[in-house]
Each structure stands twice: as structure tokens, then as C-alpha cells.
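>>> coords please:
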Amino acid sequence: VTKDINVADLNSAALLAGAVVGVAKDLELRVVAYQGQNTVPSVISNVVKLNVTTYSPLVYLWVPGDYQTPAPNWTPQNAPQLGAVPGQNDYEGYVNVPSGGSFEFKINPKPNWDNSFGDGGPGKLSASGGNLKWPDGGGYYYVKANPVNLTWSATLATWAIIGDATPGGWNNDTPMTYDAANNVWVINSVALTANNIKFRANGRWDDPNFPGSNSNLGGDLSELSYNGSNIPVSAAGNYKVVLDLSHPLRYTATLTKL
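Predicted coordinates for the structure are as follows:
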């Protein structure tokens, strides 16, 4: 049996092992083989030592504007980011916009003012356009941008949990509350059974503004994905539930039994 390991695999493993992006780190690797259902390894290879320098698996845009808190605003280096997989041009991320101010912003390809994208008409970007504007004033937005096609959109999003582990089952959301101080969605205490949950936006599964019209997140709590698998709750009890969407395409959640 053979298994190819590419640079992206090694980079991911190094990051999981605690490597810092752009900083060289010594790693020790070995192959562990199991036979059948045996939980004791039957073969363990010799250790191979590598020195690796990791890279960010994503590329970013920055979203500076007068909404930025804490001050100062209009500072790209401190602005929320949209992320994309290298080689792709569809960026996404989540931005919380407090009430008040002009609700104006721009989208920058770097954390500076060397270049920026502004208003090119409805849903369009322009390298010479004026400021963009959040379409519904203050709120929590799911933002998409494509700097090649020069398109963008911003959709208000509220999040909830749903599933047969929740009080509402698969038919009714249990709403989450946005915690602006920590930039997360949270339920401080909810009774869950030993079944399954998912995270759902805007009370629907199929919002067309989300990737593949999938306005729900599931799968591994450390790496949630759109329309991912159901998330199991290991034991019944009261839980604190936290959903963190502050890092583009690195969405995570925690279920903490109280």
C-alpha cells in the first residue's frame, strides 16, 4: 500500500503540530501501520527528521471602513479579512458592523492603501470607485468578493443550532447570540441530548447567498464545513455552545458540558 504526501499535506501537519506560519520548525515523522482492527501498531518506521517552514494555506483580502472597532477605523492592517484557497478567486468571510457611522468601507488586496476596490455599481467592484456601503446598515454579514470578476455581496446572517439533540429538534432553530466583545456566536446554556446538531444561518438550509446554497455548517468542530456531516453530542446535559466565524474558511465551534 502506498500513500502520496504532497506539500499541502505536510504543511497542514506542521501547522497542527504547532508550527508558526513563516517560521522554520524541526519535525520528526514516522509511519505507523496497523493490521486489521488491531489497536496495537504492528510496524513502526524509523524517525525521519525534517526542517520545514510553513505557509498560510489561504490568501486574503482586507475590509477596512469606518465601522472598525476598536478605533482607529479605516486601517487595513487591523481590518477583518476575507479568505480564499490559493489559485481560486472567490473570497469569503464574516464581518460584524456596529450601528452608527456612514457604513462605508472598501476591499483591499493588501493590508495597506496601495490599491483598493470600491463601488462599481450594484454588486460590482471598481479599482477607481468610491466607497462601498453595507447594504442593510449595521449587522453581522456574510461577505463574498471576487477581485477578478469584480463582484461582491454582503448578506445579513444570524446563527442557530438545530438537530435532534436540541430542544427544537430538526424542525426549529435554537437561536445563538452574537458576542461582539469576543467576535463569536454563543449559547451560554442549553440542554442537549446525546444525538446530533448542526449550525444553521437565517433559519434555512438553502440560502442561495451561501456556497452551494448551503447555509449550514457541520463536520469536525475544529474545521467546520458548509453542509458538513451532523455533529454528535457525546452525552446528554447542559452545554455552552460557541461558534467562531472570525477566521475566514477556518470556522470552528466548541461544545462545553457545564
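
>>> How far does stretch 240-258 stretch from one end to the other?
The first and final residues of stretch 240-258 sit 7 Å from each other (CA to CA, to the nearest Å).

>>> For that stretch, what does the pLDDT average out to?
Taken as a whole, stretch 240-258 has a mean pLDDT of 97.

>>> What residues of stretch 140-152 count as buried?
140, 141, 142, 143, 144, 145, 146, 147, 150, 152 (16 or more other CB atoms under 10 Å). All C-beta atoms are positioned from the backbone trio N, CA, C, and that covers glycine.

>>> who touches residue 241 in this structure?
The contact partners of residue 241, by CB atoms under 8 Å, 6 or more residues apart in numbering, come to 161, 176, 186, 187, 190, 253, 254, 255, 256.

>>> Just give me the closest of those residues to residue 133.
Closest approach to residue 133 among the contacts of residue 241 (CB to CB): residue 176, at 26.9 Å.

>>> and the closest one, how many neighbours?
Neighbour count for residue 176, taken as other CB atoms under 10 Å: 21.

>>> Distance check, the nearest residue to it once chain neighbours are set aside against residue 159.
Nearest residue to residue 176, sequence neighbours excluded (CB to CB, 6 or more residues apart in numbering): residue 185, at 4.1 Å. Between residue 185 and residue 159 the computed distance is 5 Å (CB to CB, to the nearest Å).

>>> Quickly list what's touching both of these two.
176, 178, 243, 245.

>>> The residue nearest to residue 176 sits in which helix or strand?
Using DSSP states H and E, residue 185 falls within strand 184-192.

>>> how about that strand: buried residues?
184, 185, 186, 187, 190, 192.

>>> Closest one of those residues to residue 71?
Distances from residue 71 to those, taken by CB to CB, are shortest for residue 184, at 21.5 Å.

>>> Double-check the closest one against residue 242; I have them as touching.
Yes: under the criterion of CB atoms under 8 Å, residue 184 makes contact with residue 242 at 5.2 Å.

>>> How far off centre is the strand holding residue 185?
19 Å (CA atoms, centre = their mean, to the nearest Å).

>>> after that strand, next one along is what?
strand 196-201.

>>> mind listing the strands in the stretch 1-150 of the chain by residue range?
24-29, 32-33, 43-44, 48-53, 59-62, 81-84, 91-97, 104-105, 118-119, 125-126, 132-133, 139-146 (DSSP state E, counting those that start in this stretch).

>>> can I get the ones you listed in TSV with mean pLDDT and distance to residue 196?
TSV is the format used below for the strands of the stretch 1-150 of the chain (pLDDT from 0 to 100; distance: least, CB to CB, whole Å):
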stretch	mean pLDDT	distance to residue 196
strand 24-29	84	35
strand 32-33	74	31
strand 43-44	81	36
strand 48-53	84	37
strand 59-62	96	33
strand 81-84	97	28
strand 91-97	98	24
strand 104-105	98	38
strand 118-119	98	43
strand 125-126	98	40
strand 132-133	98	39
strand 139-146	98	24
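
>>> beta partners for residue 155?
Taking DSSP bridges as the rule, residue 155 bridges to residue 142.

>>> Residue 235 versus that one, what's the distance?
Residue 155 is 35 Å from residue 235, by CB to CB.

>>> More neighbours: the two, which one.
Shown here are residue 155 and residue 235; by other CB under 10 Å, residue 155 has more neighbours (19 against 9).

>>> Is the more buried one in contact with residue 207, as I believe?
Yes: with contact defined as CB under 8 Å, residue 155 and residue 207 form a contacting pair (7.3 Å).

>>> secondary structure element for the residue nearest to residue 221 when sequence neighbours are not counted?
Leaving aside its sequence neighbours, residue 221 sits nearest to residue 253 (CB to CB, 6+ apart; 4.9 Å). Following DSSP H and E, one finds residue 253 within strand 252-257.
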